[in-house]
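sequence below, structure please.
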Amino acid sequence: MNRLVPHNIKFASRMFELSSAPQVSKALGLSVKKIQDTISFIEFIKKEEEEGKQYSRVIYSETEGLIGVITLKDIDHNKKSCHIGTWIGFDYWGKGYNEWAKKEILIFAFQQLNLELVFAGAKKDNIRSIKAQEKLPYITFNVESIFSDEHVKIERQTQSPCVLHVIQKDNFMKWYKNE
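Prediction:
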């Protein structure tokens, strides 16, 4: 059984191992050099969550343990929006974990946090991420001109040209009820 579980220092070694793989670190633009960087990341995430700015979970498989991380970040309760980010360990790519984890965290975003919009961006050169988003039947593509402020924000954060898509609560909930 798969679960989304809170971050914990006990996951630092495995998280460091998976996120250090060149396929993952390059796609994310990570410069994680030592396990202390991962521990600092976990502490940062926990603090951000306490402040209501992020909601991040470890993607955990009963058979494999930690296989990735999924995060709702830049949560804005006034705008009822946030951005979503996911990374999966290289050995687990293409096995359905992304779709499963997104479904679980989007249920939380829309039902518990009462958000209306979840933005999903990707660097234009991150073809795997873009292809993974294209598999999601409830997503609206290429909304850069409609949500230009969010597009500018993600390009500033990544310092790269990006695509911007959005998951709207109504579209997701219709899909979820019919799944």
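
in what helix or strand does the most centrally placed residue in the chain lie?
Nearest residue to the geometric centre of the chain (CA atoms, centre = their mean): Gly85, 2.0 Å. In the assignment (DSSP states H and E), Gly85 maps to strand 81-88.

one more: Glu99?
helix 97-107.

show me the beta-bridge partners of the residue nearest to the centre of the chain.
Beta-bridge pairing for Gly85 (DSSP bridges): Thr71.

quick one: contacts of stretch 123-132?
Stretch 123-132 has contacts (CB atoms under 8 Å, 6 or more residues apart in numbering) with Ala27, Gly29, Trp93, Asn98, Ala122, Thr158, Ser160, Pro161, Cys162, Val163. (Each C-beta comes from the backbone N, C-alpha and C, glycine too.)

report the helix or strand with the lowest average pLDDT across this structure.
helix 22-28 (a mean of 78; mean pLDDT, DSSP states H and E).

distance from the chain centre to the helix or strand just after that one, please.
Sequence-wise, the next helix or strand downstream of helix 22-28 (DSSP H and E) is helix 35-50. With CA atoms, centre = their mean, to the nearest Å as the basis, helix 35-50 stands 16 Å off its chain's centre.
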